[in-house]
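J.: coords please:
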Amino acid sequence: MLQASLSSILNQNKLTEDNFVDWKKNLLIVLSFEKHKYVLEKECPPVPKENAPTAESMAFDNWVNSNEIACCYMMARMNSILQKKHEGYLNARDIMHNVEDMFGGQSVLV
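T.: Numbers count the residues shown, from 1 in each chain. Got it, this is the predicted structure:
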């Protein structure tokens with residue numbers, strides 16, 4: 001129930017040209033709570049080899065899953081122009097870097 005309540009804060013702030021700070025703050029709250037924020041900070045681990053230890057495979061699979069969730073949250077909470085611009089991006093970290101570059105002039109307190 002709390003998870004649904006937290007993700008609903010993203011519905012209140014669809015990213016536009018002038019609300020980046022609030023959008024990012026709310027996104028980070030949700031991703032932190034759901035334990036997906038690390039994909040914005042860490043690169044994807046290498047694809048595990050066929051005989052890789054289970055921990056290595058799990059780390060890769062977890063990162064891929066968390067990245068997909070983070071990308072969905074980010075894309076769903078952008079206006080259609082920004083969605084179109086980012087539709088070819090494969091990971092949340094790259095989307096965030098690009099959005100930060102676009103709106104970097106806004107004061108970021110997060």
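
J.: show me what contacts Tyr89?
T.: Neighbour list for Tyr89: Cys71, Ile95, Asn98 [criterion: C-beta atoms under 8 Å, 6 or more residues apart in numbering]. Where you see a C-beta, it was placed from the backbone N, CA and C, and this is true even at glycine.

J.: shaky segments in this protein?
T.: 1-11, 105-110 (pLDDT under 70).

J.: Helices along that one, start to end?
T.: 2-11, 20-33, 54-76, 80-86, 92-103 (DSSP state H).

J.: Okay, buried residues for the longest one please.
T.: Of the residues in helix 54-76, those with enough neighbours to count as buried (16 or more other C-beta atoms under 10 Å) are Ser57, Ala59, Phe60, Trp63, Ser66, Asn67, Ile69, Ala70, Cys71, Tyr73, Met74, Met75.

J.: contacting residues for the fourth one?
T.: Contact partners of Trp63, counting by C-beta under 8 Å, 6+ apart, are Tyr38, Val39, Lys42, Cys44, Pro45.
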